[in-house]
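# got a predicted model here, sequence first, then my questions.
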Amino acid sequence: MSVIERKQRSSNRTGATAFALALLTGVLGSGCGDDGTSNPAGQSGGAGQGGGGGGQDGGDAFIVATRVWDDTATNSYFHVLPSIEPGTEVDPSQALEIPGSARLFAFGGLGWFGIGEAEAPTISRYTLDGSNKLVKGDSISFQPFGVQSLWPTNYIISSTKVYHPDRAGEQIVVWNPTTMEVEGTIPLPDTHREGYLALYAYGSVLRGKTLLISVGWFDWKTTDTILPETGLIAIDTETDTVVRFDVDDRCGGITQPVETASGDAYFVSSALAGAAYHLDRLESEPCALRILKDADAFDPDFHLLLSELSDGAIMGDPIPAGGDGLFLRVFEPDLATIEEETKTSGVTSQPAWHWWRWDTATNEAAAIGELAPSPANVSFFEVDGRVFTIDEGSGSTESTLIELTAEGGPKLGLKTPGYLHGLAKVR
């Protein structure tokens, strides 16, 4: 089994955005899924800001989640570290080891973090003891509600209410991280498209009491195609009911929103959508939609083709860049090997994607010269207002954090063995 195939079996990706986006950090990227279908659900996913969690009063504490696999097994490691700066020691023998592709859940500002199991839809809360060791607490199972496996996404509503999107089950599970109880589900039958997975976004946007979640439709099992439309679910977070479901046929393959300093939220096509368009498996050109800061629906007057920003090149995969900026990935066909049977995930997993920054206020975009081309299937994390991604070593045997928003340009940080798929500050 190849590294890419192993990732598709063992990882997924997360996205994070504005208020209350819970980042269940997992491999995000164009090509990885944790639902057991080997689908490249990937979008740059984010995770990151945890809180409290007990343990010693002094000093920072970060949890770094890594994953190591070979042709026979996958193991996950959860490291408690005092720093994520270069030179910090990462010793797997001191980490919490869990078989399979377990994933980190950390809810910014709530003082809550946990670990999701690899083989069952079960989440366990963890805290730190006086020696900064991870201590397992109460667990919650979504299995009685029809959930087969966990995805790396949660939408935080409050300290007592979190939404977990069950994409395969076309529903949202409403659960309480304080009491560790499931309080109900929100059926989403209107999101069904025969033969396609309804991929509820890796992030959400809150407008008053209304939570907005985009939907993209992907088929990785048979045709490797993406539908040329984007759904928008509007949920009343007080009654936990769907109040509206819109479909916009101007743009497809969206999996990640980014809310900028202006308050506007941008919904931008994924790198997977760009790959599908390049392979003639998506009819609509990669593009961006917008929801204005005081609105709860897509702006009918805003539809931007990403090629207008990149001189015609394929572009996608939005990552928050601070202020009114977004990081995007731009595809360089000359750096990729594409054959007739190449999958969309086979395009995004090649080191053929440049880093660009788009200023939504001026509508200008430019390449980031400090970063070499890399796969588009990397994770991103938000910690203390900073945005990080990773430089994935050959064969995913090593990862290096890159602080994208560092002053003066991207800066290298912590180096870890294995694939770094989760990061949260818990103290």
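Perfect, I can see it now. Residues are numbered from 1 along each chain as shown.
# please make it C-alpha for all contacts and neighbour counts, starting now.
Fine.
# in the protein, which ranges drop under the pLDDT threshold?
Residues of the chain that meet the criterion pLDDT under 70 lie in 1-58, 393-395.
# can you rerun that using 50?
1-56 (pLDDT under 50).
# and the helices in it?
Assigned by DSSP state H, the helices in the chain fall at 3-10, 271-278, 344-348.
# how distant is the shortest one from the center of its chain?
Centroid separation between helix 344-348 and its chain, computed with C-alpha atoms, centre = their mean, to the nearest Å, is 17 Å.
# from residue 331, how far out is residue 143?
Residue 143 sits at a distance of 40 Å from residue 331 (criterion: C-alpha to C-alpha, to the nearest Å).
# kindly report the same for residue 383.
If you go by C-alpha to C-alpha, the gap between residue 383 and residue 331 works out to 27 Å.
# what do you get for residue 206?
Going from residue 206 to residue 331 by C-alpha to C-alpha gives 31 Å.
# same deal with residue 78?
Going from residue 78 to residue 331 by C-alpha to C-alpha gives 33 Å.
# how many neighbours does residue 222 have?
Neighbour count for residue 222, taken as other C-alpha atoms under 10 Å: 8.
# now do residue 240
By other C-alpha under 10 Å, 16 other residues sit near residue 240.
# residue contacts, it?
Counting by C-alpha atoms under 8 Å, 6 or more residues apart in numbering, residue 240 touches residue 186.
# hmm, back to that, which one of residue 383 and residue 331 is surrounded by more residues?
residue 331 (28 against 17).
# am I right that the more buried one is in contact with residue 352?
Yes: contact criterion C-alpha atoms under 8 Å: residue 331 and residue 352 qualify, at 5.9 Å.
# quick one, longest strand in this protein?
strand 210-219 (DSSP state E).
# hmm, who's touching that strand?
191, 193, 195-201, 203-206, 224-227, 229-237, 252-256, 296.
# would you mind writing the PyMOL command to select the buried ones in those?
Selection of the buried residues among those in PyMOL, burial being defined by 16 or more other C-alpha atoms under 10 Å:
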select buried, resi 191+196+197+198+199+200+201+203+204+205+206+224+225+226+227+229+230+231+232+233+234+235+236+237+252+253+254+255+256+296
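# isn't residue 294 right next to residue 208, touching?
No: with contacts counted by C-alpha under 8 Å, residue 294 stays clear of residue 208, the gap being 9.2 Å.
# can you pull the contacts of residue 95?
77, 78, 79, 80 are the contacts of residue 95 under C-alpha under 8 Å, 6+ apart.
# again, only using 7 Å
Applying C-alpha atoms under 7 Å, 6 or more residues apart in numbering to residue 95 gives the contacts 77, 78, 79.
# most surrounded residue in the residues you listed?
residue 77 (30 neighbours).
# so the closest residue to it other than its chain neighbours versus residue 302, what's the distance?
Leaving aside its chain neighbours, residue 77 sits nearest to residue 97 (4.6 Å; criterion: C-alpha to C-alpha, 6 or more residues apart in numbering). In this view, residue 97 and residue 302 are 47 Å apart by C-alpha to C-alpha.
# higher neighbour count, those two?
residue 97 (17 against 11).
# the more buried one and residue 269: what is the separation?
Residue 97 is 36 Å from residue 269, where distance means C-alpha to C-alpha.
# can you check residue 259 too?
Going from residue 259 to residue 269 by C-alpha to C-alpha gives 15 Å.
# what is the burial count for residue 85?
Neighbour count for residue 85, taken as other C-alpha under 10 Å: 14.
# touching, it and residue 416? I think so.
No: look at residue 85 against residue 416 with C-alpha atoms under 7 Å: they stay out of range, at 11.3 Å.
# residue ranges for the strands of the stretch 251-400 of the chain, please.
254-259, 265-269, 287-291, 304-305, 315-320, 325-331, 353-359, 364-367, 380-383, 386-392, 398-403 (DSSP state E, counting those that start in this stretch).
# what residues does residue 160 make contact with?
Contact analysis of residue 160 by C-alpha under 7 Å, 6+ apart lists 176, 177, 178.
# let's see that with 8 Å instead.
Counted by C-alpha under 8 Å, 6+ apart, residue 160 has contacts 175, 176, 177, 178, 179.
# dump the residue contacts of the first one.
Right, the one you point to is residue 175. Per C-alpha under 8 Å, 6+ apart, neighbours of residue 175: 160, 161, 162, 163, 164, 181, 182, 183, 184.
# then residue 195?
If you count contacts by C-alpha under 8 Å, 6+ apart, residue 195 has them with residue 219.
# how near is it to residue 255?
Counting by C-alpha to C-alpha, the separation of residue 195 from residue 255 is 18 Å.
# and for residue 77?
27 Å.
# again with residue 420
21 Å.
# next one: residue 166
In terms of C-alpha to C-alpha, residue 166 sits 15 Å off from residue 255.
# what's the answer for residue 390, then?
In this view, residue 390 and residue 255 are 20 Å apart by C-alpha to C-alpha.
# for residue 367, give me its contacts.
354, 355, 356, 357.
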